[in-house]
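Enquirer: what's the 3D shape of this:
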Amino acid sequence: MPYLKLSSACLAYGHVPLLDHADFLLDPGERVALIGRNGTGKSSLLAAMAAGSGRGRLDDGEVWVQPGIRVGYVPQEPPFDAESTVFEAVISGMGETSALLSEYHDVSHRMAEGDGDHEVLLSRMSDLQHKLEALGAWAYEAQAERVIERFGLDPDARVGSLSGGQKKRLALAQALAVAPEVLLLDEPTNHLDIAAIEWLENLLIESGVTLFFITHDRSFLDRVCTRIVELDRGKLASFPGSFKEYQLRKEALLHEEALANARADKLLKEEEVWIRKGVEARRTRAVFRVQRLDKLRAERQARRERMGKVNLQLDAGDKSGKLVAELEHVYKSYGQREIVRDFSTRIQRGDKIGLIGPNGAGKTTLLRLILDEIKPDSGIVRQGTKMDIAYFDQFRTQLDPNSTLSDVISPGSDWVDIGGARKHVIGYLEDFLFAPERARSPVSSLSGGERNRLLLARLFAKPANVLVLDEPTNDLDIETLELLEQLLQDYAGTLFLVSHDRTFLDNVVTQTIAAEGNGVWHEYAGGYSDWASYKASVARDAVKPKAEARPAENAKPVVSAKAKGDKLSWKEQRELEALPDRIAQLEAEQADLSKLLEDATLYQKDPSAAQRASERLAAIDDELLELLERWEALEARAGNPG
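Expert: Down below sits the predicted model:
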């Protein structure tokens, strides 16, 4: 029996139907990703599912939820009371027990801190305990405390003091605190850094919870989802498997649709010519052709064309000097915190630099040092010449919510100059998929993805030979992301990219500057995957001396009787003896998989097999590292009886 069911769902805003008699089933254990273009109604669909049984937020149709199951929902911008504590926010979704648990938590703290009359507090705590026991609420409190600890949050911190990433963790903790069987997530990776995204991937996979989520993070999609559902022109289409498999099937379906439409258009054109012949067309025996023509006309009128592609154009303007920036032994601190320690680099025209690191590591500070917007505490920063810099701000502070779209692009004028050619602002907005009638609409009427598109339109309306993009991928649909990737790959200027989208980094940047902790930054060739592979190889090399000292494949380690008796249990001794064979098996499997992945045609012939092999190879790396560390620990105890 499915957990959730959507039947003949209809939903429209204005004259555009977002859902047009759409159907959907979510079965237990599935992890389903909902994808589609910006503005197609994905968030509205998820909110309707979260509203529960009945019509809810739909115009027509029905949402059915299996009776008795718990559903957790994390919207894109979760609403929180800034004055409440983290603990209060997490338990707020627990119904009538929320207020009692919140008061119990407060009384406990006041008693521990000696704040108030001890006897009064003790009496109130006893009263609360009885009420909570009657409701069976202790399990809820324990669950809330577990998820708060798991998400690394301070239960007594005020919500208003949290960063964007911490608020996203709080929203996830709030949803998981009720131990849901189904979890609905709208853009769960927004505002999370790469380490947090990878942690969330593991959490969702290991938890076994049934998922229905919206994301444009392709790496997250490939790792987490078991099925993809696409919302396209009001209909839901299901694609089992990974995102790569979806892309192949979708391309074939679009090709078939284009051929069918072309055949229908050709037949309609021929019948229109025939009907104009006059008398012949009105013969009784030709009535069926008239009826068929009426049907063809109706079908053509009802056909919804796919949303067009964003027409991205970027003018690099005049070339900057060959040197963009050079840093020598630069240091920068704020108070006692060292943000940049002894960092040197040389950036030249045409470099595409990716900056990665956890939230709060100082990526923005390092960028401002490179661009000479702030001065270092010590060290040398040399600036290049003839630089025209354009910024993309992830918080969209450049967008006045009360301004119209046309004023954002070209204040006080109806024209923009793009690559030396003059273009009307309405036509330019159409290139970014904004209909002419929306040119005078306020920015406040736009969705998150539309605001990002508008900010890109504003950014690209002026020539720039240095681009600084801070999280440009948030809320953009996958198709626009891929177009932006292609544009940046062909861009002749210098690019600085701050992003937590691993696929986007891999496809765009030529070198990476990564935060290593404690103010240390290092530069690496390639994108995120190249950096991650290097870090993994360094971790493996750190244990290689121990591995090289191990006995031959079939040999058994010699352990003294005293060591056996004093340090290792019988079970641990057997584990130690089995480790060489297990490591040898994994290394052999690793070699076979590496050889398999060297075949470039594998990705064309069987992309799912290539994906499985790649995932298994990564898992083997982790497993080998764990086994080698375990071997070292057991041998140290066996060889040092003390």
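
Enquirer: switch to C-alpha atoms for all contacts and neighbour counts from now on
Expert: Fine.

Enquirer: what about the stretch 151-300 of the chain, any weak spots by pLDDT?
Expert: Residue ranges of the stretch 151-300 of the chain with pLDDT under 70: 252, 254-255, 257-258, 268, 271-272, 274-293, 296-300.

Enquirer: helices along that one, start to end?
Expert: With DSSP state H, counting those that start in this stretch, the ranges of helices along the stretch 151-300 of the chain come out as 164-176, 194-207, 218-224, 243-275, 287-302.

Enquirer: what sits closest to R124 if chain neighbours are left out?
Expert: V107 (7.8 Å; Cα to Cα, 6 or more residues apart in numbering).

Enquirer: would you agree that neighbour is in contact with S123?
Expert: No - between V107 and S123 there is no contact under Cα atoms under 8 Å: 10.3 Å.

Enquirer: out of the helices of the stretch 151-300 of the chain, deepest packed?
Expert: Counting by mean count of other Cα atoms under 10 Å, helix 164-176 has the highest mean neighbour count of the helices of the stretch 151-300 of the chain, with a mean of 23.

Enquirer: who touches that one?
Expert: 72-74, 78, 86, 89-93, 144, 147-148, 151, 153, 159, 183, 188, 190-193, 359 (Cα atoms under 8 Å, 6 or more residues apart in numbering).

Enquirer: count of neighbours near A584?
Expert: Look at A584: counted by other Cα atoms under 10 Å, it has 15 neighbours.

Enquirer: and it, which of the three is it?
Expert: helix (DSSP: H, G, I helix; E, B strand; the rest coil).

Enquirer: among the contacts of helix 164-176, which ones are buried?
Expert: 72-74, 86, 89-93, 144, 147-148, 151, 153, 159, 183, 188, 190-193, 359 (16 or more other Cα atoms under 10 Å).

Enquirer: quick one: classify L627 as helix, strand or coil.
Expert: Criterion first, three-state DSSP; result for L627: helix.

Enquirer: contacting residues around it?
Expert: Counted by Cα under 8 Å, 6+ apart, L627 has contacts 579, 583.

Enquirer: again, but for the one 4 residues further on
Expert: W631 is in contact with 576, 579, counting by Cα under 8 Å, 6+ apart.

Enquirer: phi, psi for the closest residue to I356 other than its chain neighbours please.
Expert: Distance criterion Cα to Cα, 6+ apart; nearest residue to I356, sequence neighbours excluded, is A514 at 5.0 Å. In terms of degrees, to the nearest 10, the main-chain angles of A514 are phi -120, psi 140.

Enquirer: next, count neighbours for A514.
Expert: 20.

Enquirer: that one touches E523, doesn't it?
Expert: Yes - between A514 and E523 there is a contact under Cα under 8 Å: 6.4 Å.

Enquirer: now the end-to-end length of stretch 359-372.
Expert: For stretch 359-372, the first-to-last residue distance is 22 Å (Cα to Cα, to the nearest Å).

Enquirer: mind listing what's buried in that stretch?
Expert: For stretch 359-372, using 16+ other Cα under 10 Å, the buried residues are 359, 361-363, 365-367, 369-371.

Enquirer: just the residues you listed: which are in helices?
Expert: 363, 365-367, 369-370 (DSSP state H).

Enquirer: picking that back up, which residues touch the residue nearest to I356?
Expert: A514 touches 355-357, 521-524, counting by Cα under 8 Å, 6+ apart.

Enquirer: those strands in the stretch 301-450 of the chain, which residues are they?
Expert: 323-334, 337-348, 352-356, 378-383, 389-392, 415-418, 421-424 (DSSP state E, counting those that start in this stretch).

Enquirer: so what strands line up beside the third one?
Expert: The reference is to strand 352-356. strand 494-498 (parallel), strand 511-517 (parallel) (DSSP bridges).

Enquirer: mind putting the ones you listed into a markdown table with distance to S238?
Expert: Below are these laid out as a markdown table (distance: least, Cα to Cα, whole Å):
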| stretch | distance to S238 |
| --- | --- |
| strand 494-498 | 33 |
| strand 511-517 | 37 |
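
Enquirer: quick one: closest of the ones you listed to E575.
Expert: Closest approach to E575 among these (Cα to Cα): strand 511-517, 35.0 Å.

Enquirer: chain center to the closest one: distance?
Expert: 20 Å (Cα atoms, centre = their mean, to the nearest Å).

Enquirer: same check on stretch 219-232?
Expert: 11 Å.

Enquirer: now the terminal residues of that stretch, how far apart.
Expert: 22 Å.

Enquirer: repeat for stretch 219-228
Expert: Stretch 219-228: ends 14 Å apart by Cα to Cα.

Enquirer: now stretch 487-507
Expert: End-to-end distance for stretch 487-507, by Cα to Cα: 11 Å.

Enquirer: what lies in contact with it?
Expert: 192-194, 217-219, 312-314, 316, 319-320, 348-356, 363, 464-473, 481, 485, 508-509, 526-529.

Enquirer: which ChimeraX command selects the buried ones in the residues you listed?
Expert: Those of those that count as buried under 16+ other Cα under 10 Å are selected in ChimeraX with:
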select :192,193,194,217,218,219,312,313,314,316,319,320,348,349,350,351,352,353,354,355,356,363,464,465,466,467,468,469,470,471,472,473,481,485,508,509,526,527,528
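
Enquirer: outside of the helix or strand where S102 lies, which residues touch it?
Expert: Here S102, judged by DSSP states H and E, is contained in helix 97-113. Here helix 97-113 makes contact (Cα under 8 Å, 6+ apart) with 87-88, 91-92, 116, 118, 121-122, 124-125, 128-129, 131-132, 135, 137, 141.

Enquirer: equivalent analysis for stretch 194-204, please.
Expert: By Cα under 8 Å, 6+ apart, stretch 194-204 touches 189, 220, 223-224, 357-358, 500-502.

Enquirer: and with 7 Å instead?
Expert: The contact list for stretch 194-204 (Cα atoms under 7 Å, 6 or more residues apart in numbering) reads 189, 220, 224, 358, 500.

Enquirer: need those in TSV (columns: distance to L45).
Expert: TSV is the format used below for these (distance: Cα to Cα, whole Å):
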residue	distance to L45
T189	19
F220	21
V224	20
P358	32
H500	26
